[in-house]
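Colleague: need coordinates for the following:
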Amino acid sequence: MTLPLFAKKCEPEKPGGRVVMSTETMNGDEITEALVANILNTRYEDIDQETVDNTKRRILDMIGDAIAGAKADGSPELAELVKDWGGKKEATILGFGTKGPAHQVAFVNCIFGRTFDRGPLTYVIDGKRSPNHITETSALTALALGENKGIDGKELITAMVVGDDLAARLHIANDRAQPGQTLPPGTPPPPVARGSEEAFAAAAVTGRILGLNSTQMRDAFGIATMLSGRGGGATLGGPASPGGAGGRRGGSTAPVASPGWLGVKDPSFIASMARGGYNESISTKMGNGISARDGINAAQLAEAGWPGVEDPFFGERGGHFPGFASVHHPGRIIGDLGKKYHVEVCFKPYPGGRPTGAPTGAALAMVEKNDINTDDIEEIVLHLSPVATAAHYAKPYLIGRYPTMNALWSYYFVVASALYRKSATAENFTEAKIRDPKLQTLIGKVKLAHLDKSEGIELEVIMKDGRRFSEFLITALGNPANPLSRDGLIAKFKEQVEFSQLVDKKAMEELIGLLERLEEVDNVNEITKRAGKQD
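Modeller: Numbering: from 1, shown residues only. As a prediction, this is how the structure comes out:
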């Protein structure tokens with residue numbers, strides 16, 4: 001490696017070898033060096049208690065999400081397929097208890113964890129939301145590698161936090177539209193990016209746990225751009241995913257270019273709806289699994305001596321961004337590096353994309369307060385403020401080849417289902433429940449309308465006898481302004497484990513206890529052996 005980072009611009013080195021950076025006179029290579037140093041040298045004691053507590057909650061949440069996902073349509077077959085592939089028994093497939101190579105196990109567990117789209121998400125940095133789905137890769141990657149290497153709970157937390165922080169810093173480097181919306185007026189579009197932030201997080205987690213040196217860690221990121229985003233070639237660019245996120249993250253069809261997002265009144269929204277619905281695929285949950293596998297393999301290849309692209313984040317020929325000059329806000333990448341760790345802060349109580357959380361919550365509140373027979377409903381109107389409107393959740397509803405995803409990403413479905421079943425659980429998003437003819441009829445009565453407020457949603461139900469019920473929510477449960485309580489998170493965990501029927505009650509209670517005092521756990525194998533069927 002070269003001389004110490006920022007030799008002329010560093011503050012004194014903190015205990016543990018971490019370097020606190022200045023934002024002056026920086027370049028892409030120096031920023032990459034500093035990011036790598038932060039990943040490898042951060043200690044558990046460097047992380048503030050709020051971030052530690054948040055991370056423990058996210059790990060518990062993701063294990064519950066994955067155990068529920070293990071029972072979903074197609075999941076047993078996936079677990080059996082990986083079992084048939086064979087290989088070293090390094091880590092545990094959650095729910096089933098089957099063991100396999102860490103990279104294959106992480107691939108499966110991350111797919112399970114995203115199945116009901118219920119995991120933690122979204123950074124809030126300097127008051128600005130930055131939606132992302134890093135936890136759904138980083139948590140279960142850390143768990144698989146941690147089991148393989150027998151790390152303790154403190155190292156599990158630390159490895160996950162530095163991976164999350166890296167992904168956040170790369171994500172906020174450029175301005176981008178909120179999912180399903182458009183960029184504010186005058187905002188330059190983000191550059192085409194190679195690789196995925198989820199894969200970089202997985203590579204960081206793996207590199208940290210494997211004990212890579214700084215050269216190997218850079219190589220791991222360089223290899224990750226090749227595996228997850230076609231990086232390393234001789235030409236710039238490549239097909240961008242919607243919103244400029246890069247990599248293989250599927251699902252979003254956010255419109256581009258608008259004078260300012262107007263929600264259901266926006267011309268691009270109207271045009272998008274006129275084109276009709278589209279059939280969501282497995283790409284959303286598959287993306288988290290692929291990113292986990294790519295990140296682990298990238299770090300393993302680097303450990304074996306394989307070189308990556310020269311500049312994994314800012315190299316014009318193969319980096320994540322097409323050159324350092326393409327980055328809108330390089331200072332954001334290193335702001336408070338080593339002092340503050342960015343992690344995702346939204347927790348979903350219900351299945352579905354984050355924009356469906358408030359409509360679901362409003363429907364549940366309505367049926368809790370009122371005796372509503374859904375057979376007697378004439379019409380259901382969901383009024384959406386501009387910030388609550390996401391085009392890909394508002395598209396016409398249809399059932400395609402993957403009904404669970406069609407339901408999870410539909411305003412129409414989540415509202416009708418919550419009113420009809422008076423609940424919002426994983427079981428409600430299985431194909432058998434989705435295809436209920438009475439529910440499908442009710443979905444046809446849902447309409448969308450504009451809410452003349454700056455934020456929030458209002459759900460209105462009109463009965464055949466003329467009665468009207470309404471419920472307004474300004475923000476969804478689980479957002480920082482309306483946090484999900486500890487009891488709410490534990491209730492969600494139990495609901496999901498009980499749905500799976502794969503983990504017995506005694507093991508479930510022991511799991512909760514271990515995860516709530518994770519920093520005291522000597523070996524994460526104590527967690528994984530309770531998170532699946534026992535032989």
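
Colleague: use CA for all of it now, contacts and neighbours both
Modeller: Will do.

Colleague: ok, now which ones touch the most centrally placed residue in the chain?
Modeller: Nearest residue to the geometric centre of the chain (Cα atoms, centre = their mean): residue 133, 1.6 Å. Counting by Cα atoms under 8 Å, 6 or more residues apart in numbering, residue 133 touches 119, 120, 121, 122, 198.

Colleague: out of these, who's nearest residue 454?
Modeller: Residue 454 lies nearest to residue 122 out of the contacts of residue 133, by Cα to Cα, at 20.4 Å.

Colleague: look up how far residue 344 lies from the residue found closest to that closest one once you drop the neighbours it is linked to in the chain.
Modeller: Using Cα to Cα, 6 or more residues apart in numbering and skipping the chain neighbours, the partner closest in space to residue 122 is residue 131 (4.1 Å). Distance from residue 131 to residue 344, counting by Cα to Cα, to the nearest Å: 9 Å.

Colleague: neighbour count for these two, which is higher?
Modeller: Using other Cα atoms under 10 Å as the criterion, residue 131 and residue 344 rank with residue 344 on top: 26 against 18.

Colleague: so the more buried one is in which element?
Modeller: Using DSSP states H and E, residue 344 maps to neither a helix nor a strand.

Colleague: now the contacts of residue 133 as TSV including neighbour count, secondary structure and distance to residue 264?
Modeller: As requested, the contacts of residue 133 are exported to TSV (neighbours: other Cα atoms under 10 Å; DSSP: H, G, I helix; E, B strand; the rest coil; distance: Cα to Cα, whole Å):
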residue	neighbour count	secondary structure	distance to residue 264
119	30	coil	27
120	29	coil	27
121	24	strand	25
122	21	coil	23
198	33	helix	31
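
Colleague: so residue 462 belongs to a strand, correct?
Modeller: Yes: using DSSP: H, G, I helix; E, B strand; the rest coil, the assignment for residue 462 is a strand.

Colleague: is it bridged to anything, and to what?
Modeller: Beta-bridge pairing for residue 462 (DSSP bridges): residue 379, residue 468.

Colleague: let me see the contact set for it.
Modeller: 377, 378, 379, 380, 468, 469.

Colleague: among those residues, which pair sits farthest apart?
Modeller: 378 and 469 (11.8 Å).

Colleague: anything in contact with each of these two?
Modeller: 461, 462.

Colleague: between residue 131 and residue 344, which contacts overlap?
Modeller: In contact with both residue 131 and residue 344: 121, 122, 123, using Cα under 8 Å, 6+ apart.

Colleague: ignoring the adjacent residues along the chain, who's closest to the last one?
Modeller: Meaning residue 123. residue 344 (4.5 Å).

Colleague: wait, the one you found sits on residue 120?
Modeller: Yes: with contacts counted by Cα atoms under 8 Å, residue 344 reaches residue 120, the gap being 6.5 Å.

Colleague: next, show the common contact partners of these two.
Modeller: Here residue 344 and residue 120 have residue 135 as joint contacts, going by Cα under 8 Å, 6+ apart.

Colleague: against residue 458, how distant is residue 384?
Modeller: 7 Å.

Colleague: and the nearest residue to residue 214 once chain neighbours are set aside, what element?
Modeller: The spatially closest residue to residue 214, leaving aside those adjacent along the chain, is residue 36, at 6.3 Å (Cα to Cα, 6+ apart). Secondary structure assigned from DSSP H and E places residue 36 in helix 28-41.

Colleague: helix or strand next in line after that helix, which one?
Modeller: Past helix 28-41, the next helix or strand by DSSP H and E is helix 49-69.

Colleague: just the CA coordinates of the helix or strand following that next one, formatted as PDB?
Modeller: Of the helices and strands lying after helix 49-69 in sequence (DSSP H and E), the nearest is helix 75-85. Output of helix 75-85 as PDB, limited to C-alpha atoms (Å, rounded to 0.1, in the frame of the first residue of the first chain):
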ATOM      1  CA  SER A  75     -38.700 -21.500  -0.500                       C
ATOM      2  CA  PRO A  76     -38.600 -25.200   0.600                       C
ATOM      3  CA  GLU A  77     -37.600 -26.100  -3.000                       C
ATOM      4  CA  LEU A  78     -34.800 -23.500  -2.900                       C
ATOM      5  CA  ALA A  79     -33.400 -24.800   0.300                       C
ATOM      6  CA  GLU A  80     -33.500 -28.300  -1.000                       C
ATOM      7  CA  LEU A  81     -31.700 -27.200  -4.200                       C
ATOM      8  CA  VAL A  82     -28.900 -25.700  -2.200                       C
ATOM      9  CA  LYS A  83     -28.700 -28.800  -0.100                       C
ATOM     10  CA  ASP A  84     -28.300 -30.900  -3.300                       C
ATOM     11  CA  TRP A  85     -25.500 -28.600  -4.500                       C
END
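
Colleague: which strands or helices does the following helix or strand past helix 75-85 pack on?
Modeller: The helix or strand immediately downstream of helix 75-85 is strand 91-92, counting by DSSP H and E. Applying 3 or more Cα pairs under 8 Å, 6 or more residues apart in numbering; DSSP states H and E, we find strand 91-92 packed against strand 99-100, helix 102-114, helix 135-149.

Colleague: how does it look with 10 Å?
Modeller: The contact analysis (3 or more Cα pairs under 10 Å, 6 or more residues apart in numbering; DSSP states H and E) places strand 91-92 against strand 99-100, helix 102-114, helix 135-149, helix 525-528.
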